[in-house]
Every structure is written in structure tokens, then in C-alpha cells.
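Undergrad: this one's sequence-less:
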């Protein structure tokens, strides 16, 4: 919602004031809301889960007569790390499919067939002028090829 708002044209007098008063209340309510990304939400859930688990384990340990909070914290953190990694692995598998799809699209661009030749020419010359049709991948893919080539050389 934008901060400048025009009332409906059919409203007159007092109704216009009531319209803006209602809009102002709704806007104030929106300010009270906090919106989180899925990652932020999951991280908060993970931390809350960790706190609940710690409290439960401390109670269990106290009932047994033990007092080793450091050991409990370590165990809980290890468990939560495992859960987090499992979630990340699921996301990675999904991302791998998307990466394969993008790779296939990149390989179908006209510039892909000239990749090695272009990289060699760029490496051998200070200035290179590249000419090609719009949409051939000159400006987007060539930068990617150079970056990928440098990463490969560093490994």
C-alpha cells in the first residue's frame, strides 16, 4: 500500500473522513506485524526447539541428580545440526535439478560452442571485441565463463 491514497469518488463529507480513519487504523496494524523469510522462520523454530529440548533435558538430569548443562548443550546442538543438515540436503537436491536445467539452457546458447576459443583469445590478448546477435550470450555468459575458468584454475 502506498502512503498517498485517494478515497473512492462516490464518498462525500463525513464518509471521506471515516474512510481515511479506517485506512489509518489498518496501516497502524500492519506496522505491528513482523514478516520473516522462510529461512528466518526456520532458524527461530530451530532455536526455540533447542531451548525447549535443553529445558527438558535439564529437568531430566536434575531429577537424576546430575548437573551437567555443558554436556546437555553440546548434545542438543549436535542433534539440531543433524536436523539442519538434513533440511539443507533436501534443498540441495532441489537446487541440483534447477542447476541442471539452467546448464542445459546455457549449453543451447550460440556462444557456448565458442567457449574455449573465446577464453583462449581473452587470455592471449589485452583487448578483445566480441560481436554477436542479441540474445547470443555475449554479455551474460562470457562473464560467467571467465569466472568459472578462473575458479577452475585456482583449484
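TA: Right, received. Where do you want to start? From a predicted model like this one, the values you see are computed outputs, not experimental measurements. Numbering: from 1, shown residues only.

Undergrad: C-alpha only now, for contacts and for neighbours.
TA: Fine.

Undergrad: and residue 107, how many neighbours does it have?
TA: A total of 12 residues lie near residue 107 under the criterion other C-alpha atoms under 10 Å.

Undergrad: what's the burial count for the nearest residue to it once chain neighbours are set aside?
TA: Of all residues not flanking residue 107 in the chain, residue 113 sits nearest, at 7.8 Å (C-alpha to C-alpha, 6 or more residues apart in numbering). Using other C-alpha under 10 Å, residue 113 has 11 other residues around it.

Undergrad: And the next helix or strand past the helix or strand containing residue 103?
TA: In the assignment (DSSP states H and E), residue 103 maps to helix 69-107. Beyond helix 69-107 on the C-terminal side, the first helix or strand identified by DSSP H and E is helix 115-124.

Undergrad: Buried residues of that following helix, list them for me.
TA: 115, 118 (16 or more other C-alpha atoms under 10 Å).

Undergrad: tell me what that helix is packed against?
TA: In terms of contacts (3 or more C-alpha pairs under 8 Å, 6 or more residues apart in numbering; DSSP states H and E), helix 115-124 is packed against helix 141-154.

Undergrad: now the helix it packs on and helix 115-124, what's the angle there?
TA: 70 degrees (axes from the mean of the first three to the mean of the last three C-alpha atoms, to 10 degrees).
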